[in-house]
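Asks: Got a predicted structure here, sequence first:
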Amino acid sequence: MSPDGKIKPAKLNAANNVYTAMLALAFGVVLATAIFVAFKCYSQYGSLFSLP
Amino acid sequence: MSTLTKSFIILLTISSLFLCGYVVQYVSSVSNYKDDFEKAQRQANAKQSEIENLNQNLKDERNKRIQLEDSKIKEIAALDAKITELQTEIKDLKRENAGLTATVESWITTTQQLTNLSDKNREMYVTAFSELNKTKDELVGEKTKLDETSNTLIEKEALIDMLEVNVKQLTEEKIALENKLNSILRPYGTKAAAQQPLIPQSDLAQLATATTAKIGLKGFVSSVDMKNSMAQISIGGSHGVKKAMRFHVSRGNEYICDIVISDVAADVSVGMLELIQQQPRPGDNVSTNW
């Protein structure tokens, strides 16, 4: 905290790239699973959420 | 970065991987219920249509069966009517057969009677023919005897004529002799006595006059009793009817039978029927000569 009152945006840097990668992997897996499930639902039932 | 955050990141990653893997596996392995539903629906529709077809077939079969039953009932009714008609015809034929059988039996009986009658007539014809021959022979003999008797009679008549001439001559001579004797004896107051015949009268042959005349009685049949073969006629003893006299019964020009009188009353007579050719009836003519 400086007395000038000017706040400079801090540059965010990943604390650890490994955990970021793990989060990205988890996000990608979940996204792929969601896409797969959506594709399956649409291909088999013709809609994503509504009942046929 | 704290350790707790790191732990959460690790746990989130691991759980995401497992959970997503499980979800992918489940979604990949789960069956397609829509297809199953559509298949089931198609099958249900097919089954429904099949059921409808079967129901239609059942209806058709029922209609056919009803029509068949109706036709069978009609055929049965027709056959029953035909059976009844045939039974009636059978009864009629049986009745007709019985009548024909009775007729045949009556014809057989009549034929047998006619055969017996024919045999009897043949025997009677043979007997009558033999009797006729005998009668002819006897008639020839009688005719010969009659001729001889006629010749003898003619000779006797000639002899009688000659004897009558002699008798006349003798009578004239006798009268002349009596006149002569009376003229001789009259002066003496006497006369010749009647001479007795030298031959007694009873010893003289008496010439029988065989004269025949027809009796000629006529009447009619007053009653007939065929059970006892007897009949009554309208003339009796007062008309000259006598016992054992034979009367001939006739109807017009037809010969009916003979009646031999067995009982004679004053006005009627009763006799037995003989030589019956037809059944006599009251009113038929009777006579002694045919």
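Replies: Nice, I can see it. Values in this document were obtained by computation on a predicted structure and should not be read as measured data.
Asks: only C-alpha atoms for contact and neighbour calcs from this point on.
Replies: Will do.
Asks: Poorly predicted segments of the stretch 51-200 of chain B, please.
Replies: Within the stretch 51-200 of chain B, the segments meeting pLDDT under 70 span B:186-200.
Asks: Show me where it has its strands.
Replies: Counting by DSSP state E, counting those that start in this stretch, the stretch 51-200 of chain B has no strands at all.
Asks: where does chain A dip in pLDDT?
Replies: For chain A (pLDDT under 70), the answer is A:1-16, A:51-52.
Asks: residues in contact with the residue of chain A found nearest chain B?
Replies: When distances are taken as Cα to the nearest Cα, chain A reaches nearest to chain B at residue A:26, 4.8 Å away. By Cα atoms under 8 Å, 6 or more residues apart in numbering or on different chains, the contact set of residue A:26 is B:12-14, B:16-17.
Asks: Got a ChimeraX select line for the buried ones in those residues?
Replies: Paste this into ChimeraX to select the buried members of those, with burial taken from 16 or more other Cα atoms under 10 Å in any protein chain shown:
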select /B:12,13,16,17
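Asks: Now pLDDT, secondary structure and distance to chain A too, for the contacts of residue A:26, in JSON lines please.
Replies: Below are the contacts of residue A:26 laid out as JSON lines (pLDDT from 0 to 100; DSSP: H, G, I helix; E, B strand; the rest coil; distance: Cα to the nearest Cα, whole Å):
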{"residue": "B:12", "pLDDT": "93", "secondary structure": "helix", "distance to chain A": "7"}
{"residue": "B:13", "pLDDT": "93", "secondary structure": "helix", "distance to chain A": "5"}
{"residue": "B:14", "pLDDT": "94", "secondary structure": "helix", "distance to chain A": "8"}
{"residue": "B:16", "pLDDT": "93", "secondary structure": "helix", "distance to chain A": "6"}
{"residue": "B:17", "pLDDT": "93", "secondary structure": "helix", "distance to chain A": "7"}
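Asks: Looking at the contacts of residue A:26, which one is closest to residue B:131?
Replies: Of all those, residue B:17 has the smallest distance to residue B:131: 161.8 Å, by Cα to Cα.
Asks: show me what contacts the closest one?
Replies: Neighbours of residue B:17 in contact, by Cα under 8 Å, 6+ apart: A:26, A:29-30.
Asks: All the helices of the chain, in order from the start?
Replies: Defaulting to chain A. Ranges of helices within chain A are A:17-45, based on DSSP state H.
Asks: try chain B instead
Replies: B:3-29, B:33-185.
Asks: Please identify the deepest-packed of these.
Replies: Counting by mean count of other Cα atoms under 10 Å in any protein chain shown, helix B:3-29 has the highest mean neighbour count of the helices of chain B, with a mean of 14.
Asks: now the longest strand along chain B, how far from the centre of its chain.
Replies: The residue-count maximum for a strand in chain B (DSSP state E) belongs to strand B:254-264. When C-alpha coordinates are averaged (Cα atoms, centre = their mean, to the nearest Å), strand B:254-264 and its chain have centres 29 Å apart.
Asks: Give the buried residues for that strand.
Replies: Under the neighbour-count criterion of 16+ other Cα under 10 Å, strand B:254-264 has B:255-261, B:263-264 buried.
Asks: Closest one of these to residue A:36?
Replies: Nearest member of the buried residues of strand B:254-264 to residue A:36, counting by Cα to Cα, is residue B:256, at 144.7 Å.
Asks: separation between the closest one and chain A?
Replies: 130 Å (Cα to the nearest Cα, to the nearest Å).
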